[in-house]
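Trainee: I'd like to go over a predicted model; first the sequence, then the structure.
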Amino acid sequence: QVQVVESGGGSVQPGGSLRLSCSASGSIFSLIEMGWYRQAPGNKRELVASIRNTGDTNYADSVKGRFTISREVALSTATLQMDSLKLEDSAVYYCNAILRQRPLRPREEIWGQGTQVTVSS
């Protein structure tokens, strides 16, 4: 059984910063990619940023230059540093892990429960 748990989040004024952390634990043979998604009320869940086990990163255009994703491979954690936050960044942020629990097993996609980020003045 694999679990993905987020921490961080909260409320901040526009222009402020927040840091989200995600930890994957359990039976993990290979942690292929970790990412952060967000979903605001009435909107679809969208990719914010992702990082592969190669270190390659991908960002939504709306967060480029403001958010930074990093990963501690040995600890199976991923961190999202969010700077210069805007009102439109308010959403529930979900961590996503793509992994294999055993060699030659299919990839699995595990989601965390989500953490609220609120940007308001």
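Mentor: Now that the structure is in, tell me what you want to look at.

Trainee: so the most centrally placed residue in the chain is in which element?
Mentor: Residue closest to the mean C-alpha point of the chain, counted by Cα atoms, centre = their mean, is residue 36 at 2.3 Å. Using DSSP states H and E, residue 36 maps to strand 30-39.

Trainee: mean confidence score for that strand?
Mentor: What strand 30-39 shows for mean pLDDT is 96.

Trainee: in that strand, which residues are buried?
Mentor: 31, 33-38 (16 or more other Cβ atoms under 10 Å). C-betas here are computed from N, CA, C, even on glycine.

Trainee: now for the residue lying closest to residue 25 once chain neighbours are set aside: which residues touch it?
Mentor: Ranked by Cβ to Cβ, 6 or more residues apart in numbering and with sequence neighbours excluded, the top spatial neighbour of residue 25 is residue 3, at 5.4 Å. Taking Cβ atoms under 8 Å, 6 or more residues apart in numbering, we find residue 3 in contact with 24-26, 110.

Trainee: let's see 10 Å
Mentor: Shown here is residue 3, whose contacts under the criterion Cβ atoms under 10 Å, 6 or more residues apart in numbering are 23-26, 97, 110, 112-113.

Trainee: check the offset of the following helix or strand past the strand holding residue 36 from the chain's centre.
Mentor: Using DSSP H and E, the helix or strand that directly follows strand 30-39 along the chain is strand 46-52. Relative to its parent chain, strand 46-52 has a centroid offset of 7 Å by Cα atoms, centre = their mean, to the nearest Å.
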